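[1] Provide a 3D model corresponding to the input given below.
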Amino acid sequence: MSSETVKPVGEKTFENYHRFASPEADALLATFAGSTDEAAQTEAVNGLQAQFDAEAPVIPLFAGPEWGMFTDTRFTGFPTESDPYATLSTKSPTTVLVLTSLEPVTK
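    Residues are numbered from 1 along each chain as shown. Predicted coordinates for the structure are as follows:
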């Protein structure tokens with residue numbers, strides 16, 4: 001919902017696929033990102049949800065999970081539950097981060 005992630009129609013996007021943004025959403029996102037107070041963050045997220053519900057830029061059909069698999073037989077350094085530095089989805093903008101974080105297994 002951020003105006004920073006809106007791309008023109010026809011240009012590939014990995015986020016904000018509904019291409020919706022508003023000044024109100026930008027303000028709520030800034031509040032969320034700029035606060036360490038859990039109550040303030042919850043209030044900002046609730047505001048985002050209310051705006052999404054009111055504007056309905058898309059109708060989500062599923063939660064949009066990101067998943068992936070790996071084996072550490074030949075390489076290590078993949079994201080794990082204890083170190084979730086990126087997603088494993090091949091369509092994620094963090095794919096390069098994962099690939100540049102891997103180390104070959106030496107025997």
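
[2] Confirm that residue 99 sits in a strand.
    No: according to DSSP: H, G, I helix; E, B strand; the rest coil, the state of residue 99 is helix, so it is not within a strand.

[3] Residue 88 versus that one, what's the distance?
    Distance of residue 99 to residue 88, given as Cβ to Cβ, to the nearest Å: 11 Å. Using the backbone N, CA and C atoms, a C-beta is placed for each residue, glycine as well.

[4] Likewise for residue 19?
    According to Cβ to Cβ, residue 19 and residue 88 sit 26 Å apart.

[5] Could I have the CA atoms of the biggest helix by length in the chain written out in CSV?
    The longest helix of the chain (DSSP state H) is helix 38-55. Taking Å, rounded to 0.1, in the frame of the first residue of the first chain, the C-alpha atoms of helix 38-55 are listed here in CSV:
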residue,chain,number,x,y,z
GLU,A,38,3.8,-2.4,20.1
ALA,A,39,0.5,-0.6,20.8
ALA,A,40,1.3,2.1,18.2
GLN,A,41,2.4,-0.5,15.7
THR,A,42,-0.9,-2.4,16.2
GLU,A,43,-2.9,0.8,15.8
ALA,A,44,-1.1,1.6,12.6
VAL,A,45,-1.6,-1.9,11.2
ASN,A,46,-5.3,-1.8,12.2
GLY,A,47,-5.6,1.5,10.3
LEU,A,48,-4.0,-0.1,7.2
GLN,A,49,-6.4,-3.0,7.4
ALA,A,50,-9.4,-0.6,7.7
GLN,A,51,-8.2,1.4,4.7
PHE,A,52,-7.7,-1.7,2.7
ASP,A,53,-11.2,-2.9,3.6
ALA,A,54,-12.7,0.4,2.7
GLU,A,55,-10.9,0.9,-0.6
